[in-house]
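Colleague: Structural data only, the sequence is not supplied:
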Ligand SMILES: NC(=O)c1ccc[n+]([C@@H]2O[C@H](COP(=O)([O-])OP(=O)(O)OC[C@H]3O[C@@H](n4cnc5c(N)ncnc54)[C@H](OP(=O)(O)O)[C@@H]3O)[C@@H](O)[C@H]2O)c1
């Protein structure tokens, strides 16, 4: 089903499922154009960088809760701008929009798989495979996968693991791990200094995509093997764009506001 063309002809806000820089940029474009927008954040980060326009925080209560929200707020269209690895909310959005006939677009940064160095990386289908592959490559690991999945690597309790988070992890991490709190973007030189100073032997990351490739460039420059997790598959028939500007044009068209 083409989820981008169907939908109720009402004039409620555009719902941006966010938690990403792209989601924030899209909300900024919509607000600047006078298009009502509500951004939805999961509420994982304690001090989120809030987008302009309306904001709601917290889960909807699964697909059923999202269906209720779409109806009760007369949502005109949904842009799923969540992180490429936020697969549950993406699946819920596809089901809820199918059910309500709400136009849906996926906004996700271009994958890193087309970059020149990508062929030299170790591609893994999921975090478990990434863990196993990394174990064979070295014992001092830079685990750059965000905060939420760190527990999946708990068996590395006797290794040196460097990890970097924006918000402190909820549960305790092994004593052999070093946790740095920082919010990107980061510079390649600084990433090289960081990896060199910790004698990092392997970088483990996700194919989050986007322009911020400093850690990948630094690992390549230092000849450090990269283990990278492939993106989960998208729901069938989901139209996708890779820039906030494209998503804005789509939403403006749906709102019948094609002047901008
Ligand atoms: N996964 C990552 O690597 C990653 C990295 C950076 C940022 N993020 C951001 O962090 C958030 C959570 O990621 P996740 O991987 O935990 O997602 P997930 O596994 O797909 O979602 C788990 C549950 O969290 C709620 N949720 C997720 N995103 C939401 C949103 N934007 N608004 C309202 N509820 C939301 C939903 O709860 P209900 O079922 O109750 O509706 C969803 O079922 C996302 O917004 C994502 O963009 C994720």
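Modeller: Structure received. This is a predicted model, so every value here is computed, not measured.

Colleague: Helix, strand, or coil at the residue nearest the centre of the chain?
Modeller: Note on the chain: the residue nearest the mean C-alpha position is residue 83, at 1.6 Å, using Cα atoms, centre = their mean. Classification of residue 83 using DSSP: H, G, I helix; E, B strand; the rest coil returns coil.

Colleague: Neighbours of the closest residue to the ligand within the stretch 101-250 of the chain, how many?
Modeller: Residue nearest to the ligand within the stretch 101-250 of the chain (Cβ to the nearest ligand atom): residue 146, separated by 4.4 Å. Bear in mind the C-beta positions are built from the backbone N, C-alpha and C, glycine included. Residue 146: 19 surrounding residues under other Cβ atoms under 10 Å.

Colleague: Mind listing what's buried along stretch 30-42?
Modeller: Neighbour-count burial for stretch 30-42 flags 30-31, 35, 37-42 (criterion: 16 or more other Cβ atoms under 10 Å).

Colleague: give me the subset of those residues touching the ligand.
Modeller: 40-42 (Cβ under 6 Å from any ligand atom).

Colleague: Dump those into JSON lines; add pLDDT and secondary structure as well.
Modeller: Listed next are these as JSON lines, based on pLDDT from 0 to 100; DSSP: H, G, I helix; E, B strand; the rest coil:
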{"residue": "40", "pLDDT": "98", "secondary structure": "strand"}
{"residue": "41", "pLDDT": "97", "secondary structure": "strand"}
{"residue": "42", "pLDDT": "96", "secondary structure": "coil"}
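
Colleague: what ranges do the helices span in the stretch 151-260 of the chain?
Modeller: Secondary structure of the stretch 151-260 of the chain by DSSP state H, counting those that start in this stretch: the helices cover 188-197, 214-221, 244-254.

Colleague: buried set for the first one?
Modeller: For helix 188-197, the buried set under the neighbour-count rule, 16+ other Cβ under 10 Å, comprises 188, 191-192, 194-195.

Colleague: Figure out how far it is from the centre of its chain.
Modeller: Distance of helix 188-197 from its chain centroid, counting by Cα atoms, centre = their mean, to the nearest Å, is 24 Å.

Colleague: low pLDDT regions in the protein?
Modeller: 1-10, 257-260 (pLDDT under 70).

Colleague: Can you pull the domain assignment for it?
Modeller: 14-110+233-254, 112-229 (automatic domain parsing).

Colleague: Burial-wise, tell me which of the ones you listed comes out on top.
Modeller: Ranked by mean neighbour count under mean count of other Cβ atoms under 10 Å, the domains of the chain are led by domain 14-110+233-254, which reaches a mean of 19.

Colleague: Can you check the distance spanned by that one, start to finish?
Modeller: 9 Å (Cα to Cα, to the nearest Å).

Colleague: Kindly report the same for stretch 198-213.
Modeller: So stretch 198-213: terminal residues 19 Å apart, Cα to Cα.
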